[in-house]
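In: Generate a structure from the sequence data that follows.
(chains A, B, C and D)
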Protein chains: 2
Amino acid sequence: MIGPHLEALTLKERQVIEVPGKPITHAYFLEIGVASVVAVDGEDHRIEVGVIGYEGVTGVPLIMGDARAQHSTYMQIGGSGHRIAQDAFCGAIAQSESLRALFLKSAQGFMIQTAHTALANGRAKLEQRLARWLLMAHDRTTSDAVPLTHEFLAVMLGVRRAGVSVAIHGFERKGLVTTRRGQLTIVNRAGIEQVAGSFYGTPEAELKRLLEGK
Amino acid sequence: MIGPHLEALTLKERQVIEVPGKPITHAYFLEIGVASVVAVDGEDHRIEVGVIGYEGVTGVPLIMGDARAQHSTYMQIGGSGHRIAQDAFCGAIAQSESLRALFLKSAQGFMIQTAHTALANGRAKLEQRLARWLLMAHDRTTSDAVPLTHEFLAVMLGVRRAGVSVAIHGFERKGLVTTRRGQLTIVNRAGIEQVAGSFYGTPEAELKRLLEGK
DNA sequence: CCCAACGAGTACGTTTTCGTACTGAAAAAA
DNA sequence: TTTTTTCAGTACGAAAACGTACTCGTTGGG
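Out: Numbering: from 1, shown residues only, chains lettered A, B, ... in the order given. Modelled structure (predicted):
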C-alpha cells in the first residue's frame, strides 16, 4: 500500500534529495522536473551518472535493500511530485511482489542508463554528450525550455563551462536551440538527435521494453 | 536451492557469456578469472562498464527480473567456476528471500562499480584509468600476472592501443609492472594505487560494506 | 626450420579538450 | 537607480588523446 503514505510536494531546482554516505530518508516520485544523480569520489571528482524524471523513482538503493545513498542526488530542473518515507517504501516492496518487480525493473532501467553514460563519457565528443543530455532532459519536461546555466551543464558532463558555451553556440548557429541567459530552448529536436547519434536512445528504448511488453 | 543445479566448468579467455539482446541462459559464478561487461550501442561504440570475478555473479538482469542481456559479457582472463541455468537461478531467488537479498546487494555493488566507471571515463586520464583497471583485475586474480594484450586493454578502456602501450611503458619505467609479450605482471601494487588515486577504491569498499556488516 | 600472424614500440601531425582569464551584458540586490 | 553578482562569449597556449602507420621482435603453425 503506497497511496496513503505519499506526500505531495514541490521541488525547487538544487533541492537536495540524497547525500552520499547518508541514509536515504524518502523515495521521490517526480511528476514534473528532473533530478540528477551525481557520483562523487574521495577527491571530489564528480559526474552525473543518470537522471530521473516522471518515468522513475529516486532512491534506487532502497529497492536493492540498501538504505544508504551512494551518490549525490538533487533537483536539476525544478518541478513537483510525491515522496514516501523510506520505511513505508521498503515495507510496501516487501509486501507486494508485483510492486517489487515493478521497481526492480525501474532500477534496471536506471542501470542501463548509467552504463550508457559510461559509454558516452568514454567515447563521445563533448557535442554529442551535450546533445544526449538535452534529449534526456527534454524527455522529462513538458515544455521545450531547459532552464539551466552552462555552468551546471558543465558540472554534469564533467567538462569546462567554456566548452559547453562553445558547443551550445554551435547548436544555436545550426538552429537546433535558442538561448537566453540561464535558459535554453529546444527548437529542432530531430537535429539534436542526429548530433547525439547512437549515444542516445538505447536506455530509453530498453526502459520502455522493461515497463511495457517485455 | 542452488547447490544441485550448479555445473562446474572451466572458462577460457574470450569465452562468451552474454550477447546483447539475446536471452541470458545461465548465471556464472567465477572462482578464478575475470569477466568483462561491455556496453555496446547501435554504431558499435563499445566500452567496458564493469568487471566480475569471484566476488560477484554474472547475469545481473536476471536478479532484476529481466532475462535479456543488455551488454556483451565475456571472459577477459580465463579461469573456472560454476554456472546455473536461468530458470533455476530465478526460481531460487523467487523462493528464498535471503538469497534474493544477497543477490540484490551483489547487483547493487555492480551498479556502484558502473557508476564509478562512468566517473573515471569522464574525469580520469588514460594513465589513471589503466591503473584502476589493473587494480580491479588484480583484486580478482590469485597471481600477479595479468595475461592480456595492450589491444584488449585498449578496447576495454575505449582508447587507442598505442596509448595503452605508452602508458604501460611508463608504469614499467616507474617499476610498477614488468611486461612480457601478451602479459603484464604487477610488481608494485601500492604504486599503482597511487596513480589511480581516488578513482579506485570506492566500489570495492562499498561492496564490502554491502556484503558484510551493513 | 621457416614464414605468416601477432604484439608492441614508436612517430607525427591533428583534433579535442583543458586551464585560465578577461570582458561585457543581464539580472539581482541594495 | 546604482551597485554587485552572475552568466555567457571569447581567447590562447598547453596538454591529452587521436588516427594512422611503419618497424621489428616473438610466437605458433605449416
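In: Need the residues that contact whichever helix or strand residue A:166 is part of.
Out: Assigned by DSSP states H and E, residue A:166 belongs to helix A:161-173. With contact meaning Cβ atoms under 8 Å, 6 or more residues apart in numbering or on different chains, helix A:161-173 is reached by A:126-127, A:130-131, A:150-151, A:153-154, A:157, A:177-179, A:184, A:192, A:195. C-beta coordinates here come from the backbone N, C-alpha and C atoms, glycine included.
In: List, out of those, those positioned next to chain B.
Out: Contacts with chain B within these, counted by Cβ under 8 Å from any Cβ of the partner chain: residue A:157.
In: Now for the most centrally placed residue in chain A: which residues touch it?
Out: With distances taken as Cα atoms, centre = their mean, residue A:51 lies nearest the centre of chain A, 0.9 Å away. When contacts are counted by Cβ under 8 Å, 6+ apart, residue A:51 touches A:34, A:35, A:36, A:37, A:76, A:113, A:133, A:136, A:137, A:140.
In: quick one, helices of chain A?
Out: For chain A, the helices defined by DSSP state H cover A:60-63, A:86-95, A:97-123, A:126-139, A:150-157, A:161-173, A:189-196, A:202-211.
In: Could you list the low-confidence segments of chain A?
Out: Within chain A, the ranges that satisfy pLDDT under 70 run A:1-3, A:213-214.
In: how about it, which residue sits the furthest from its center?
Out: Per Cα atoms, centre = their mean, the most distant residue from the centre of chain A is residue A:95 (28.0 Å).
In: Against residue A:88, how distant is it?
Out: Using Cβ to Cβ, to the nearest Å, one gets 11 Å for the distance from residue A:95 to residue A:88.
In: Please identify which of the contacts of helix A:161-173 is nearest to DNA strand D.
Out: Nearest to DNA strand D out of the contacts of helix A:161-173 is residue A:150 (Cβ to the nearest atom of the strand; 3.7 Å).
In: nearest residue to the closest one other than its sequence neighbours?
Out: Leaving aside its sequence neighbours, residue A:150 sits nearest to residue A:164 (Cβ to Cβ, 6 or more residues apart in numbering or on different chains; 4.4 Å).
In: same deal with residue A:79?
Out: In this structure, residue A:79 finds its nearest non-sequential neighbour in residue A:33, 2.0 Å apart by Cβ to Cβ, 6+ apart.
In: Over to residue A:151?
Out: In space, residue A:151 is closest to residue A:161, 4.9 Å off (Cβ to Cβ, 6+ apart).
In: Can you get me a residue count around that neighbour?
Out: The number of residues packed near residue A:161 is 14, by other Cβ atoms under 10 Å in any protein chain shown.
In: ditto for residue A:4
Out: 7.
In: again, but for residue A:127
Out: Counted with other Cβ under 10 Å, the neighbours of residue A:127 add up to 17.
In: Could you do residue A:164 as well?
Out: Other residues lying near residue A:164 total 25 when counted by other Cβ under 10 Å.
In: And for the one 10 residues further on?
Out: Residues near residue A:174, counting by other Cβ under 10 Å, number 14.
In: Just want the phi and psi numbers for it.
Out: Per-residue torsions, residue A:174: phi -80, psi 0 (degrees, to the nearest 10).
In: Would you confirm that it contacts residue A:190?
Out: No - using Cβ atoms under 8 Å, residue A:174 is not in contact with residue A:190; the gap is 11.9 Å.
In: re earlier: determine which two of the contacts of helix A:161-173 are furthest apart.
Out: A:151 and A:195 (21.4 Å; Cβ to Cβ).
In: These two: which is more packed in?
Out: residue A:195 (21 against 11).
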